[in-house]
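In: Next one to model:
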Amino acid sequence: MPRIPLSDLGHTTADRILGHRPELLDAWETLRQALVGPSSTLSPGLKEEVRRTLAQRTGCRYCASLGKPTVSPRDQEVSLAVAFAAAVAVEHTAISDAEIEALFDEFTTPQVVELVTWISFEYAGQMLGSLIGDEPATADEREAFAAWVARLPQPRP
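Out: Below you'll find the predicted structure:
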């Protein structure tokens, strides 16, 4: 059971808690759409692997229940993004200039901006899930989430 009563707004538990402050729910959803919408510069698969990596460390049972990360991604960009996300999750204040610079070996500046914003957004959302006591996703929620990820637009070349 969540630690905060649910509102009538939103679909997920976290959304329904943010629904007590509709302007926060709207702003959260607007940022999410900016990060995964048609102007995105990173693939949905990369972002999902980053999300899954963070979810194993943030304490959000809902987020962790949506899937475990791939053991060893074959794609160099995904591998780098996942390793960076894992380092952020362990100790974000220890990220060095060299670790940021390494991102530029695989990503453009807009992609680096999107990646660090995605990591920050996901980490914050997962922290919220942990703080509110979000429960693991149901089978229907996992299925709906997987379908949503599959429908995300691919980045423009």
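In: Wait, Ile95 touches Ala87, no?
Out: Yes - Ile95 lies in contact with Ala87 (C-beta atoms under 8 Å); the separation is 6.2 Å. C-betas here are computed from N, CA, C, even on glycine.
In: average pLDDT for the helix or strand where Val149 lies?
Out: Assigned by DSSP states H and E, Val149 belongs to helix 139-151. Helix 139-151 comes out with an average pLDDT of 92.
In: again with stretch 32-44
Out: Stretch 32-44 comes out at a mean pLDDT of 93.
In: end-to-end on that stretch?
Out: Stretch 32-44 has an end-to-end distance of 12 Å (criterion: C-alpha to C-alpha, to the nearest Å).
In: now it, how far from the centre of its chain.
Out: Stretch 32-44 sits 12 Å away from the centroid of its parent chain (C-alpha atoms, centre = their mean, to the nearest Å).
In: contacting residues for Ala86?
Out: Ala86 makes contact with 53, 57, according to C-beta atoms under 8 Å, 6 or more residues apart in numbering.
In: List the buried residues in the helix or strand it falls within.
Out: Here Ala86 is covered by helix 76-91, with elements defined by DSSP H and E. For helix 76-91, the neighbour count (16 or more other C-beta atoms under 10 Å) marks 77-82, 84-85, 88-89 as buried.
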